[in-house]
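Novice: starting from these lines, generate the structure:
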Amino acid sequence: MTAEVSDGSRTEARPATTAWAYHLDGFVPVAEATVPVTTQGLHYGTGVFEGIRAHVVPGRPELAVFRLRDHLERFTRSCRLLRIDLPHDVDELMALVVELLSRNGSASDTYIRPLAYKYRLLPGTRPGVSLRGNSDALSVIAFALGDYSPTAGIRCSISSWTRPTGRSLPVRAKATGAYLNNALAVDEARAAGYDDAILLNERGGVAEASTANVFVVRGEELLTPPPDADILEGITRDTVRVLAAELGFGYAERPLQPADLLVADEVFLTGTGLGVTPVVEIAGRGVGDGEPGPVTTGLRRRYHDLVRGSDDRHEHWITRVRVP
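Specialist: Numbering: from 1, shown residues only. A predicted model of the protein is given here:
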C-alpha cells in the first residue's frame, strides 16, 4: 500500500505509514516523530536498524509477527557494536512492538522498523566523529507493505561494488551507514535494467545481494556463502535452513564463486522483505531454464504459509497480535 504525495510538479509513491510511532520515550503520532538536523546518526551513519514483518492471518483478526525475538536479539547485538545503550531489554522491546501494532490496528501486511541511533552531543563534547559523548535514541515505525517479491522471479547483475570486509565495517550488524554500499550497488543494477545486484567480497567470492542472502541449488542441495564471506547472517536465511531439512533438501554453507551462480540449477534470494525470491537471470545469462525452479517454488510456498501462522510446528516463531 502506498500514498500518493504531490509537490505540485510530480507525484511520488511513498509507503503508507500508520498513525502511531514509538519515538524517544513514548508513543506519538507519526507526524511528530521527528529529529533535529543536528542528530549525530544523520551526520555519520551511526545507527542500527531491523526489518521485521507482520502478516495478516487469513480469516482471523490478527497479525503474525515472524521471529520477533530473533530480530530484536540481533538488533541489541548491533547496538552493542556501536555503543548504543538501549533503554529496553528484548522482552520490553517485544512488548513495545506489540503495543505499536495494536495501537495502529492495521489490517494489512505490515513492515516494522526499529531504529537506534546516536542523537545529541553530551555537554562538554566537541563536535566530531565518535561513538562516545553522544546520547542514544530509539524510534520504531510501522507501515503497510504487501508482498513485493515477483512470482516470476527477478534479474540480477554482478555488482562492480565490493561488499565491505568485516575488518572495515561491522558487516554482521545492520548498521545504517554501511548501507551506502548496498544503495550504490542496487542503483548501478537498476540503471543497467536489472532488479537487484549480487555483491562479491574482497576475495572475489559471492557475498550477498543488496538486502538479501544468496542461495544456489544443485540438484536437491542448497548452497549458501558462510558467515566469513562477509555476509549478514539473515534470519530468513536461517529459516530456509530449517525448512530445507523438513522438505528433504540438503543444506551446506561453503564459499561460492560467480561461476557457481551461472551454472546453478536454481538461484534464489532470502530476506525479510523479499521472503524467498527466485532469480531467473544473472549478468545477462538465464539461470537454469530461465524460470523459477521446483526447489525454490516449494520453499517459497512453504515460507509463505509459515510466516502467516499456519504451521503449528513453528508456532514459537510467531508473535500473534490482535487487531480490529
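Novice: can you list contacts of stretch 162-179?
Specialist: Residues from elsewhere that reach stretch 162-179, judged by Cβ atoms under 8 Å, 6 or more residues apart in numbering: 41, 44-51, 74-75, 77-78, 81-82, 115, 117, 181, 199-202, 207-208, 227-228, 230-233. Where you see a C-beta, it was placed from the backbone N, CA and C, and this is true even at glycine.
Novice: narrow these to those that are buried.
Specialist: 41, 44-51, 74-75, 78, 82, 115, 117, 181, 199-201, 207-208, 230-232 (16 or more other Cβ atoms under 10 Å).
Novice: how near is the nearest residue to Ser149 once chain neighbours are set aside to Leu24?
Specialist: Distances taken as Cβ to Cβ, 6 or more residues apart in numbering put Thr277 closest to Ser149, at 4.4 Å, once the chain neighbours are dropped. Applying Cβ to Cβ, to the nearest Å, the value for Thr277 to Leu24 is 35 Å.
Novice: show me the shaky parts of the stretch 151-300 of the chain.
Specialist: For the stretch 151-300 of the chain, applying pLDDT under 70 flags no range at all.
Novice: tell me where it has helices.
Specialist: For the stretch 151-300 of the chain, the helices defined by DSSP state H, counting those that start in this stretch occupy 179-191, 235-247, 258-262, 294-307.
Novice: identify each buried residue in the last one, please.
Specialist: What that stands for is helix 294-307. Val295, Thr296, Thr297, Leu299, Arg300, Arg302, Tyr303, Leu306, Val307.
Novice: for Pro114, phi and psi?
Specialist: Main-chain torsions, Pro114, degrees, to the nearest 10: phi -80, psi 140.
Novice: same check, this time on Asp136
Specialist: Note on Asp136: backbone dihedrals following degrees, to the nearest 10 are phi -110, psi 150.
Novice: got the contact list for it?
Specialist: For Asp136, the contact set (Cβ under 8 Å, 6+ apart) comprises Ile84, Asp85, Leu86, Ala116, Tyr117, Lys118, Tyr119.
Novice: doesn't Val129 make contact with Tyr44?
Specialist: Yes - in this structure Tyr44 lies within contact range of Val129 using Cβ atoms under 8 Å: 5.5 Å.
Novice: which neighbours do the two have in common?
Specialist: Joint contacts of Tyr44 and Val129 (Cβ under 8 Å, 6+ apart) do not exist.
Novice: so what's Ala192 closest to, chain neighbours aside?
Specialist: Leaving aside its chain neighbours, Ala192 sits nearest to Ser157 (5.8 Å; criterion: Cβ to Cβ, 6+ apart).
Novice: in stretch 304-317, which of the residues would be classed as buried?
Specialist: Those would be Leu306, Val307, Arg308, Gly309, His314, Trp317, for stretch 304-317 by 16+ other Cβ under 10 Å.
Novice: now swap in stretch 21-28 and tell me
Specialist: Buried residues in stretch 21-28, defined by neighbour count with 16+ other Cβ under 10 Å: Ala21, Tyr22, His23, Phe27.
Novice: straight-line length of that stretch, end to end?
Specialist: Terminal residues of stretch 21-28 lie 6 Å apart, using Cα to Cα, to the nearest Å.
Novice: quick one: stretch 312-324 to chain centroid distance?
Specialist: Stretch 312-324 sits 20 Å away from the centroid of its parent chain (Cα atoms, centre = their mean, to the nearest Å).
Novice: now that stretch: mean pLDDT?
Specialist: Averaging pLDDT along stretch 312-324 gives 92.
Novice: only alpha carbons, please: show it as CSV.
Specialist: Extracted as CSV, the C-alpha positions of stretch 312-324 are listed here (Å, rounded to 0.1, in the frame of the first residue of the first chain):
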residue,chain,number,x,y,z
ASP,A,312,1.9,-25.4,14.3
ARG,A,313,5.4,-26.9,14.2
HIS,A,314,6.9,-23.4,14.3
GLU,A,315,4.4,-21.5,16.5
HIS,A,316,7.3,-20.5,18.6
TRP,A,317,8.4,-18.2,15.7
ILE,A,318,5.1,-16.4,15.7
THR,A,319,4.0,-13.5,17.9
ARG,A,320,0.3,-13.0,17.4
VAL,A,321,-1.2,-9.5,17.7
ARG,A,322,-5.0,-9.0,17.7
VAL,A,323,-6.1,-6.0,15.6
PRO,A,324,-9.6,-4.6,14.8
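Novice: now do the residue sitting furthest away from the middle of the chain against His43, distance only.
Specialist: The centre of the chain is farthest from one residue, Gly124, which by Cα atoms, centre = their mean lies 37.0 Å away. To His43, Gly124 is 19 Å away according to Cβ to Cβ.
Novice: one more: Leu269?
Specialist: According to Cβ to Cβ, Leu269 and His43 sit 32 Å apart.
Novice: between those two, which has more neighbouring residues?
Specialist: For Leu269 versus His43, the count of surrounding residues by other Cβ atoms under 10 Å is larger for Leu269: 30 against 13.
Novice: great, nothing more from me.
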